[in-house]
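Visitor: here is the input, now give the coordinates:
(one chain, ligands or ions: 2)
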Amino acid sequence: MDNCLFCKIGAHEIPATLLFEDEKTLAFRDINPVAPTHILLIPKIHIENILGLDNTTALAMHSALQKIVAQENLEKGFRVVTNVGDMGGQTVFHLHWHILGGRHMGWPPG
Ligand code: 5GP
Ligand code: ZN
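Guide: Ligands and ions are numbered 1, 2, ... in the order given. Purely as a prediction, here's the structure:
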């Protein structure tokens, strides 16, 4: 999609610190981390939020998540967050899963 930041990162048109890539997904470090480990996992195709996630891409996202957790040594624990819409705190309207870890995440999230 034109003028979508994460489509451009997914297509390697805008640089990011890449951590993982396969045919359907890409993961990179968040530019403004809120935890010692703060990774964004995106589908390469433009999907606005998790409500539009199709089964094939969902499977690819989950498979990528499993690989990233092992690669980044997050087995002791981590959090996955996906913000949806203005009320959900979404600011980039291309689906992304925040993978947060490296400290105790606490609950409730605030
Ligand atoms: P949201 O608020 O939509 O759930 O999350 C968007 C996230 O994207 C934020 O955590 C923000 O720091 C991150 N972000 C925004 N622009 C960029 C960018 O250009 N590069 C990277 N790596 N992360 C970005
Ligand atoms: Zn997009």
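
Visitor: which stretches of the chain form helices?
Guide: Assigned by DSSP state H, the chain shows helices spanning 5-10, 55-71.

Visitor: possible to save the ones you listed as a markdown table with mean neighbour count and distance to residue 79?
Guide: C-betas here are computed from N, CA, C, even on glycine. Formatted as a markdown table, those follow (neighbours: other C-beta atoms under 10 Å; distance: least, C-beta to C-beta, whole Å):
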| stretch | mean neighbour count | distance to residue 79 |
| --- | --- | --- |
| helix 5-10 | 19 | 20 |
| helix 55-71 | 15 | 11 |
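
Visitor: who wins for proximity to ligand 1 among those helices?
Guide: Nearest of these to ligand 1, taken as C-beta to the nearest ligand atom: helix 5-10 at 5.7 Å.

Visitor: in a markdown table: the helices of the chain, plus mean pLDDT and distance to residue 89.
Guide: Shown next, in a markdown table, are the helices of the chain (pLDDT from 0 to 100; distance: least, C-beta to C-beta, whole Å):
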| stretch | mean pLDDT | distance to residue 89 |
| --- | --- | --- |
| helix 5-10 | 98 | 16 |
| helix 55-71 | 98 | 19 |
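
Visitor: for the closest residue to residue 45 other than its chain neighbours, what are its contacts?
Guide: Closest residue to residue 45 apart from its sequence neighbours, by C-beta to C-beta, 6 or more residues apart in numbering: residue 57 at 6.7 Å. By C-beta atoms under 8 Å, 6 or more residues apart in numbering, residue 57 lies in contact with 24, 43, 45, 47.

Visitor: which strand runs longest in this structure?
Guide: Scanning the chain for the strand with the most residues, using DSSP state E, yields strand 37-43.
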